[in-house]
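Q: From the sequence below, what's the structure:
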Amino acid sequence: MLMLASCSFGEPPEPEGGEPPNLPTPSGGAPETPATLMEVVAEGLEVPWGLAFLPDGTALVGERESGRILSIGVDAEGTAAEPEEVRTVEVDARGEGGLLGLAVSPDFEEDSTVFAYYTTEEDNRIASIDLGSDAEPEPILTGIPAASNHNGGALAFGPDGYLWAATGDAGEAGSAQDADSLSGKILRIDASGEPAEDNPDPDSPVYSMGHRNVEGLAWDGAGVLYATEFGADIADEVNRIEADGNYGWPLYEGPAGDPDYIDPVLSWEPFEASCSGAVFVEQTLITACLRGQRLWIVEFDSNGEPAGEPQAALVGEFGRLRSIAMGPDGMLWVTTSNRDGRCEEDSGCVIDEADDRLLRFSTSYAAEGRVLCRTGTPRSHSASSPSRAAARGRSRAGNAVPGRCGGVCAPPPSPAGWRPPSRSSPSASPRPRAG
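A: Sure, this is the predicted structure:
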């Protein structure tokens, strides 16, 4: 699990319009001139959804509609390479289905394995994929109900070493309260798909229930799990997940005050939220929101409760935001989701010719003592560039204000069983988008 060494965070400063998000700065001493970087890493993606990182810092991005898994290498100086296709998963991408969450094996350096949550014509399922071979995905958990909406899809290894997955109610609200159904649940399994030994029911993968549609899982600095959940019309939620917890859907949406169910620690009206991905930077939760077209930044106290008012960032700047992760380079990586059919002008969302995009942001701190040092000035995402229309699925260089520079740690080597595809390989070229 990625941790920030010797840092605690103060209150997030107010973001400025048109600027990258001003994330909390380490209270151990901020630089005289705080640095913020915004970079468009890739453009022309086909509804990016899953986002994960290999041990050497390579980013993996899954495209929901095409089923492609792309790799984006990051060198020792922090420069991102062009996307390379490493695998395509056969998916049913109707509605909200397709290739959803990605998770990298904790033992990737030995087994070259990543895990994917995806939709087929029969179900949602979780499979292991050996990137060191041409073998087909090996399903480890099948039979998760699928539908045109509410498929869930969050997938991540927790600090306990188990694989966690979030499922949606698949349009059947009552199934979230059915202990024998896998829909509307948070699941906890091992890498072979077997239930974790200390699950509430050791014979079941179900860890919690009563969920409508969870798309984000994030652990705080103490290893406590939180989930971002889509409500219907009243409230979107952030829930602190407890073993055998029941979160009330469809009986309740938002705070209920019923002792038989667990209330969210935070809720928003859907128009300003619909938050999908989530990540913690120590005790600061950052969520990426679709309908709300923003990041929400929330500081939590030692009791796991919000410590102040949530701060909004990037409001309307990039449209619908889907996935978010802290990379090994100490930067915050975010995907847009403007080509998913729900970016509408009457809701203030306008599709950019470069969509969908993979972005990354950094403040003057970096993870594990790594600091990216570049020269130049921040680039506005709306600045004109001759390569904007042409660089579909291509990487984009970025600039930054100089910050604290302590050097960049060289990433560890990739495992012997996995190599990025050759750039001369036909399958490695970005796929053009129809229309």
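Q: Pull out the buried residues from stretch 229-239.
A: For stretch 229-239, a neighbour-count test (16 or more other CB atoms under 10 Å) marks E229, F230, G231, A235, D236, E237, V238, N239 as buried. Where you see a C-beta, it was placed from the backbone N, CA and C, and this is true even at glycine.
Q: So what would you say the end-to-end distance of that stretch is?
A: 8 Å (CA to CA, to the nearest Å).
Q: all helices for this protein, in order.
A: 108-111 (DSSP state H).
Q: How far off centre is stretch 252-267?
A: Stretch 252-267 sits 25 Å away from the centroid of its parent chain (CA atoms, centre = their mean, to the nearest Å).
Q: How about residues contacting that stretch?
A: 210, 212, 226, 229, 231-240, 242, 245-248, 251, 298, 304-306, 310 (CB atoms under 8 Å, 6 or more residues apart in numbering).
Q: ok, now with 6 Å
A: 231-232, 234-235, 237-240, 245-248, 306 (CB atoms under 6 Å, 6 or more residues apart in numbering).
Q: and which of these is nearest F53?
A: For the contacts of stretch 252-267, the minimum distance to F53 (CB to CB) is 23.4 Å, reached by V238.
Q: which residue packs closest to the closest one, ignoring adjacent ones?
A: In this structure, V238 finds its nearest non-sequential neighbour in L266, 4.1 Å apart by CB to CB, 6 or more residues apart in numbering.
Q: same question, A312
A: Computed as CB to CB, 6+ apart, the closest residue to A312 that is not its neighbour in sequence is R294, at 4.9 Å.
Q: same deal with G95?
A: Nearest residue to G95 in three dimensions, chain neighbours excluded: S148, at 2.9 Å (CB to CB, 6+ apart).
Q: and what of A173?
A: Once chain neighbours are set aside, the closest to A173 by CB to CB, 6+ apart is P250, at 3.7 Å.
Q: before we move on, the earlier item: correct me if wrong: the residue nearest to G95 contacts G98.
A: No - if you go by CB atoms under 6 Å, S148 and G98 don't touch, sitting 11.1 Å apart.
Q: Of the two, which one has the most company?
A: G98 (25 against 13; other CB atoms under 10 Å).
Q: Would you mind giving me the confidence score for F361?
A: F361 is assigned 89 on the pLDDT scale.
Q: cool, and the one 4 residues further on?
A: In this prediction, Y365 carries a pLDDT score of 44.
Q: what's the answer for E368, then?
A: The model's pLDDT for E368 equals 42.
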